[in-house]
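1. Everything below, folded, please.
(2 chains)
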Number of protein chains: 2
Amino acid sequence: MNAIMSPDELEAALRAVGAARYHDKHPFHRLLHAGKLNETQVRAWALNRYYYQAKIPAKDATLLARLEDPALRRAWRQRIVDHDGEREGDGGIERWLKLTDALGFERDYVIAGRGLLPATRFAVDAYVRFVGEKPLLDAIASSLTEMFSPGIIRDRVAGMLAGYDFVSKEALAYFDKRLTQAPRDADFALDYVKREARRPDQQQAAIAALTFKCDVLWAQLDALYFAYVEPGLVPPGAWVP
Amino acid sequence: MNAIMSPDELEAALRAVGAARYHDKHPFHRLLHAGKLNETQVRAWALNRYYYQAKIPAKDATLLARLEDPALRRAWRQRIVDHDGEREGDGGIERWLKLTDALGFERDYVIAGRGLLPATRFAVDAYVRFVGEKPLLDAIASSLTEMFSPGIIRDRVAGMLAGYDFVSKEALAYFDKRLTQAPRDADFALDYVKREARRPDQQQAAIAALTFKCDVLWAQLDALYFAYVEPGLVPPGAWVP
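-> Below is the predicted model:
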């Protein structure tokens, strides 16, 4: 049986999950950020990652539907605003589509998800289901990968601009916004988890939820690496350049 | 087999559902609006109806989680903003609590839902489940009772102010806002349903969804009438003045 942790010990344990398992350590990301992928591989990444972006509002609305406190809902709904924007042409999903535009994809093709790797869909859908079915504390803890994202975003933007002449600063506008949004969201969720995870079983569940979420991100990169880097076996029906 | 209707014929069929089954015809509402209930009966109505109000953001976030188009989500999310407000002390749920305050309930008691009639919970929870499980068209059509609400709200506010000296205009502030919010929401949903319900089976499903929603509202009043008007048998555990 696990001992109870203080809130700060719990935070340290959560940060240790990120240090061990966050997808900045994945070989696909190392190649992406070092400018060592070819254009096809970068395009495959942006195409598949669109599905994750597009499902984030479904994930957050699923969570919103389970929150019983209007104050918590007000805070959480900002995530949906950030992704869907205030009007047509605004928001994180739209900014991701500007990236896939810049990489030469038709919007209809990206939005329809026809060229996705099946593993992308499986991983992302598992995340939405997790947030709908697990205890609320676990659902909120699973968002805590945002604690680790500013570092990877800075590496990504700098690395991609230096490494790929087919990627412009405008095409990477999605990431600029996330540098301020993600820490705000992560602070809120971390405070919630530190406050509400009082029993040892809850604390272990929060750690497990964050581990699960790291797996969701990692699995998407495994599938990209397998299909488009090595061995390069694109599954039937997935995008072929 | 049903024939296909034009969009305007479908609208007429939907309005006919309201004319026959909307809860403005329920005897409990007739008494409420005519000033013929006693204070206990008005309090029971406000207490139970709070649960419906409190679950509306869960219903709308459940629907939001199923919408795949950011533009639709932006329009639909305004309903959550209306109910939860922009800040502490704002929004429809808070305005409903001002009514239960004015009627002498402790907020903790109202929010905990301990004194609810079980039938209130069953009906409201069935609505949230319906919106999560049925085809999206049916889920959106079930919101169309808002087409009929401005009339009932005007009757209610005028009738309650005239009939009950324990109800003030401030206590009924919830309804003022709904006079503008409900028609905007209803117009949006009606346009959606008229546009998307193209096959006869979809049109019949939209009519059935609105009928179901009328049942949800009607059943809540049946339970209030039974418990607090006639025969006046309050179920075990429900609020006794």
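2. for chain A, what spans make up the helices?
-> A:7-21, A:27-33, A:39-64, A:70-84, A:92-102, A:107-112, A:118-133, A:136-141, A:149-163, A:173-196, A:200-228 (DSSP state H).
3. can you give me the angle the last one makes with helix A:173-196?
-> It stands for helix A:200-228. Per axes from the mean of the first three to the mean of the last three Cα atoms, to 10 degrees, the angle that helix A:200-228 makes with helix A:173-196 is 160 degrees.
4. likewise the fifth one?
-> Angle of helix A:92-102 versus helix A:173-196, following the same axes, to 10 degrees, is 150 degrees.
5. so what secondary structure elements neighbour helix A:92-102?
-> Helix A:92-102 sits against helix A:39-64, helix A:70-84, helix A:107-112, helix A:173-196, with contacts defined as 3 or more Cβ pairs under 8 Å, 6 or more residues apart in numbering or on different chains; DSSP states H and E. For glycine as for every other residue, the C-beta is placed from the backbone atoms N, C-alpha and C.
6. With mean neighbour count and distance to chain B as new columns, can those helices be given to me in a markdown table?
-> Listed next are the helices and strands packed on helix A:92-102 as a markdown table, based on neighbours: other Cβ atoms under 10 Å in any protein chain shown; distance: least, Cβ to the nearest Cβ, whole Å:
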| stretch | mean neighbour count | distance to chain B |
| --- | --- | --- |
| helix A:39-64 | 22 | 4 |
| helix A:70-84 | 21 | 4 |
| helix A:107-112 | 14 | 9 |
| helix A:173-196 | 17 | 14 |
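7. As CSV, those with mean pLDDT would be great.
-> Formatted as CSV, the helices and strands packed on helix A:92-102 follow (pLDDT from 0 to 100):
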stretch, mean pLDDT
helix A:39-64, 97
helix A:70-84, 96
helix A:107-112, 97
helix A:173-196, 95
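8. Columns distance to A:Ala20 on top of those helices, output as a markdown table?
-> As requested, the helices and strands packed on helix A:92-102 are exported to a markdown table (distance: least, Cβ to Cβ, whole Å):
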| stretch | distance to A:Ala20 |
| --- | --- |
| helix A:39-64 | 21 |
| helix A:70-84 | 26 |
| helix A:107-112 | 33 |
| helix A:173-196 | 18 |
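9. what's the closest of those helices to A:Pro231?
-> Taking Cβ to Cβ as the criterion, helix A:39-64 is the member of the helices and strands packed on helix A:92-102 that comes nearest to A:Pro231, at 13.6 Å.
10. quick check, distance from the closest one to the centre of its chain.
-> 7 Å (Cα atoms, centre = their mean, to the nearest Å).
11. Could you measure from A:Gly159 over to chain B?
-> 29 Å (Cβ to the nearest Cβ, to the nearest Å).
12. neighbours of the closest residue to that residue other than its chain neighbours, just the number please.
-> Leaving aside its sequence neighbours, A:Gly159 sits nearest to A:His33 (Cβ to Cβ, 6 or more residues apart in numbering or on different chains; 3.6 Å). As a burial measure, A:His33 scores 20 neighbours (other Cβ atoms under 10 Å in any protein chain shown).
13. doesn't A:Val157 make contact with A:His33?
-> No - under the criterion of Cβ atoms under 8 Å, A:His33 makes no contact with A:Val157, lying 9.2 Å away.
14. Please name the residues that touch A:Leu233.
-> A:226-227 (Cβ atoms under 8 Å, 6 or more residues apart in numbering or on different chains).
15. for it, phi and psi?
-> A:Leu233 has phi and psi values of phi -100, psi 100 when expressed as degrees, to the nearest 10.
16. how close does it sit to A:Ala223?
-> 11 Å (Cβ to Cβ, to the nearest Å).
17. picking up where we left off before, please list all residues in contact with the residue nearest to A:Gly159.
-> Neighbour list for A:His33: A:152, A:155-156, A:159-160, A:163 [criterion: Cβ under 8 Å, 6+ apart].
18. Most neighbours of all these, which one?
-> Going by other Cβ under 10 Å, A:Met160 tops these with 23 neighbours.
19. Do I have it right that it meets A:Gly35?
-> Yes - at 7.3 Å, A:Met160 counts as touching A:Gly35 under the criterion of Cβ under 8 Å.
20. Run the chain-centre distance for stretch A:18-31.
-> Chain-centre distance of stretch A:18-31: 13 Å, with Cα atoms, centre = their mean.
21. again but with stretch A:149-163, I slipped
-> 15 Å.
22. in stretch A:232-241, what's buried?
-> A:238-239 (16 or more other Cβ atoms under 10 Å in any protein chain shown).
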